[in-house]
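**Student:** what's the 3D shape of this:
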Amino acid sequence: MLLRLLCLGLSLPLALSLTAPPPVVLSPLPIVYNYDHCPFCVRVRLALGLKSVKYTPFFLANDDVPTPTALIGKKIAPIFTGYDGVPVGESMDIVKAIDADPKYGAPGFFQPQSDRSDLQAWQGGVKELLRALQRPRYVASGLMPEFQTRAGREAFVSNHELTGYDKKAWKAGEGGLTLAKKLRLYAELGAEDPAQRVEALSAKLVELDALIHCADCCSGGGLSLDDIDLWSRLRSITIVKGVVWPEKTRAYMDNLSELGDVPLYDAMAM
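**Tutor:** From the prediction side, this is the model:
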């Protein structure tokens, strides 16, 4: 409530004091099957962290098809097993269910998702730019749990097209898009001088800064499902070295990272 009142103020400090709710420790602990780089998976991790719910993260290898298929019938993430061990999918549905269930802390911790068409438009405007910067770095780093093996990295490259390529054609291997060629395209893009793209992304973040309400919530009224979505998407930008973050947006990233217990990628930025 205090956060909501503060965020409704006209004059706001750059960083507000978010307060963690009492810890929730269930037995057995709920499990989140996830990929570290996946923003949809991060939504669930962030929501649980912000609500101080202890859970077990299970990081799937990117080429692991049997595990998620056995749980939910197909290769998908995140998968949450917090309801008597019954696995469920769809990230925002999981988050909403967690926030409505008293066993995960006080219900209504997050405000409902608003119709922020401005944020949606911003995300659409950087989609191709982020694809070009982030995807080669995911697999090149080899540090994320899902990319610890060559097979995991190759599975990602095989199924995730680069900017300028049709998604269906890429996945189907049409037009001579063999795995070897896809790997070469990833390597070539990763070897390019990123300065122009990094500069463009930094400029887009300045635009975003004007859309973020305060350093602890992107929309007026306090923490909301808008933050669960936006922050989870922005997190991957921290893997790109040299990006200049506006002060308020950077404080927003740091604050929710700390309270939500989801680390950023600054230490492994490339």
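**Student:** need the per-residue pLDDT for the residue nearest to Pro145 when sequence neighbours are not counted.
**Tutor:** Take Pro145 and drop its neighbours on the chain: the residue closest to it by Cβ to Cβ, 6 or more residues apart in numbering is Phe59, 3.5 Å away. C-beta here means a position set from N, CA and C on the backbone, and glycine is covered the same way. The model reports Phe59 with a pLDDT of 98.
**Student:** equivalent analysis for Leu18, please.
**Tutor:** pLDDT for Leu18: 78.
**Student:** and it, what does it touch?
**Tutor:** Contact analysis of Leu18 by Cβ atoms under 8 Å, 6 or more residues apart in numbering lists Leu3, Asp216, Leu223, Asn255, Leu256, Leu259.
**Student:** farthest pair within these?
**Tutor:** Using Cβ to Cβ, the contacts of Leu18 reach their maximum pairwise distance at Leu3 and Leu256, which is 11.8 Å.
**Student:** ok, longest helix in the protein?
**Tutor:** Counting residues, the longest helix found in the chain (DSSP state H) is helix 117-141.
**Student:** against which helices or strands is that one packed?
**Tutor:** If contacts are counted by 3 or more Cβ pairs under 8 Å, 6 or more residues apart in numbering; DSSP states H and E, helix 117-141 sits against helix 150-159, helix 179-191, helix 195-209, helix 225-234.
**Student:** give the buried residues for it.
**Tutor:** For helix 117-141, a neighbour-count test (16 or more other Cβ atoms under 10 Å) marks 119, 122-123, 126, 129-141 as buried.
**Student:** with stretch 167-180 instead?
**Tutor:** By neighbour count on 16+ other Cβ under 10 Å, the buried set for stretch 167-180 is Trp170, Leu177.
**Student:** who's in contact with that stretch?
**Tutor:** Glu154, Val157, Ser158, Asn159, His160, Glu161, Leu162, Tyr165, Lys182.
**Student:** filter those residues down to the buried ones and hand me the PyMOL line.
**Tutor:** This is the PyMOL syntax for the buried subset of the contacts of stretch 167-180, where burial follows 16+ other Cβ under 10 Å:
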select buried, resi 154+157+158+160+161+162+165+182
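**Student:** can you give me the strands in the stretch 1-150 of the chain?
**Tutor:** 31-34, 56-59, 79-83, 86-88 (DSSP state E, counting those that start in this stretch).
**Student:** so which of these is nearest Pro21?
**Tutor:** Closest of the strands of the stretch 1-150 of the chain to Pro21 is strand 79-83, at 16.9 Å (criterion: Cβ to Cβ).
**Student:** related to what we said a few turns ago, of the contacts of Leu18, the lowest pLDDT goes to which?
**Tutor:** Least confident of the contacts of Leu18 in the model: Leu3, at 40.
**Student:** start and end of stretch 212-222, how far apart?
**Tutor:** 12 Å (Cα to Cα, to the nearest Å).
**Student:** my bad, should have said stretch 148-164
**Tutor:** With Cα to Cα as the measure, stretch 148-164 spans 27 Å from end to end.
**Student:** stretch 78-89 too?
**Tutor:** Where stretch 78-89 begins and where it ends lie 6 Å apart, using Cα to Cα.
**Student:** heads up, I number from 34, so please use that
**Tutor:** Sure thing, new numbering starts at 34, so read that last one as stretch 111-122.
**Student:** list the contacts of that stretch.
**Tutor:** 59, 61, 63-67, 71, 73-74, 76-77, 88, 101, 104-105, 109-110, 124, 127, 130-131, 137.
**Student:** if we can go back for a sec, the residue nearest to Pro178: neighbouring residues, count only.
**Tutor:** 17 (other Cβ atoms under 10 Å).
**Student:** now do Val98
**Tutor:** Val98: 13 surrounding residues under other Cβ under 10 Å.
**Student:** sketch out the low-pLDDT regions of the stretch 34-183 of the chain for me.
**Tutor:** When residues are selected by pLDDT under 70, those of the stretch 34-183 of the chain lie in 34-50.
**Student:** that one: helices as residue ranges?
**Tutor:** 35-40, 72-83, 99-105, 124-133, 150-174, 183-192 (DSSP state H, counting those that start in this stretch).
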